[in-house]
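Participant: I would like the atomic coordinates for the input below:
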Amino acid sequence: AGGRPRGSLTPRISAADCAQLGVLFEGRISPNIQVVKTSECVAGDAQTVRGRATILVVEEPLVSRFLRSALTNQGYDVVCATAGTARAMLRRDRASIQVLVTNMPLEFAAHPDVPVLYLDAFPDPSIADAFVKLRVLAKPFHPRLLFESVAQLIG
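Facilitator: The predicted structure follows:
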């Protein structure tokens with residue numbers, strides 16, 4: 001019958017490969033693609049990598065891994081966290097976070113001064129009023145746009 005032959009290997013693609021190909025996952029992966037972890041950034045873990053500015057990422061685990069890989073390769077410190085952990089971090093030490101990258105910016109409306117990069121397949125334009133500095137990227141997007149948007153929010 002149809003489908004993949006039994007015993008065939010599933011193609012593997014890493015977040016780094018995706019970055020080079022200009023692919024950003026939308027959270028839906030074809031059943032014939034297996035994503036290989038290139039770093040350990042799972043929502044809920046507050047893991048940091050050394051770099052020049054600190055980016056706080058609150059996204060789905062797969063997207064968080066991609067963002068961590070891509071932004072780390074650009075020299076940024078990247079902290080991946082759940083929304084609750086991120087809110088606590090912003091309350092404790094807002095000055096240490098230069099940019100928040102998230103698909104749920106309204107979770108952080110209590111911090112309107114934090115620069116936000118809002119990622120969504122269908123962004124809500126009314127969210128712009130909640131933040132002093134906000135950029136929107138509609139998924140999927142090219143990593144170059146990610147890097148330009150983060151640099152503009154920092155600068």
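Participant: run a quick neighbour tally on Ala109.
Facilitator: 12 (other CB atoms under 10 Å). C-beta here means a position set from N, CA and C on the backbone, and glycine is covered the same way.
Participant: residue contacts, it?
Facilitator: 130-131 (CB atoms under 8 Å, 6 or more residues apart in numbering).
Participant: the same query, at a cut-off of 10 Å, please.
Facilitator: By CB atoms under 10 Å, 6 or more residues apart in numbering, Ala109 lies in contact with 116, 127, 129-131.
Participant: mind listing what's buried in the one helix or strand Arg65 maps to?
Facilitator: Using DSSP states H and E, Arg65 falls within helix 61-73. The neighbour-count check on helix 61-73 (16 or more other CB atoms under 10 Å) flags 62-73 as buried.
Participant: quick one, strands of this structure?
Facilitator: 12-14, 34-36, 54-58, 77-80, 99-102, 116-120, 134-138 (DSSP state E).
Participant: which secondary element of this protein has the worst mean pLDDT?
Facilitator: Ranked by mean pLDDT, DSSP states H and E, the helix or strand of the chain with the weakest confidence is strand 34-36, at a mean of 34.
Participant: how about the strands of the chain, which one is nearest Ile154?
Facilitator: Between Ile154 and the strands of the chain, the tightest spacing by CB to CB is seen for strand 99-102, at 6.1 Å.
Participant: helices or strands up against the closest one?
Facilitator: Strand 99-102 sits against strand 54-58, helix 61-73, helix 83-93, strand 116-120, strand 134-138, helix 143-154, with contacts defined as 3 or more CB pairs under 10 Å, 6 or more residues apart in numbering; DSSP states H and E.
Participant: tabulate the ones you listed (a markdown table), appending mean pLDDT and distance to Val101.
Facilitator: A markdown table is the format used below for the helices and strands packed on strand 99-102 (pLDDT from 0 to 100; distance: least, CB to CB, whole Å):
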| stretch | mean pLDDT | distance to Val101 |
| --- | --- | --- |
| strand 54-58 | 96 | 5 |
| helix 61-73 | 94 | 6 |
| helix 83-93 | 94 | 10 |
| strand 116-120 | 95 | 5 |
| strand 134-138 | 93 | 9 |
| helix 143-154 | 94 | 7 |
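Participant: mind checking these for the one nearest to Thr102?
Facilitator: So among the helices and strands packed on strand 99-102, strand 54-58 is nearest, using CB to CB, at 4.2 Å.
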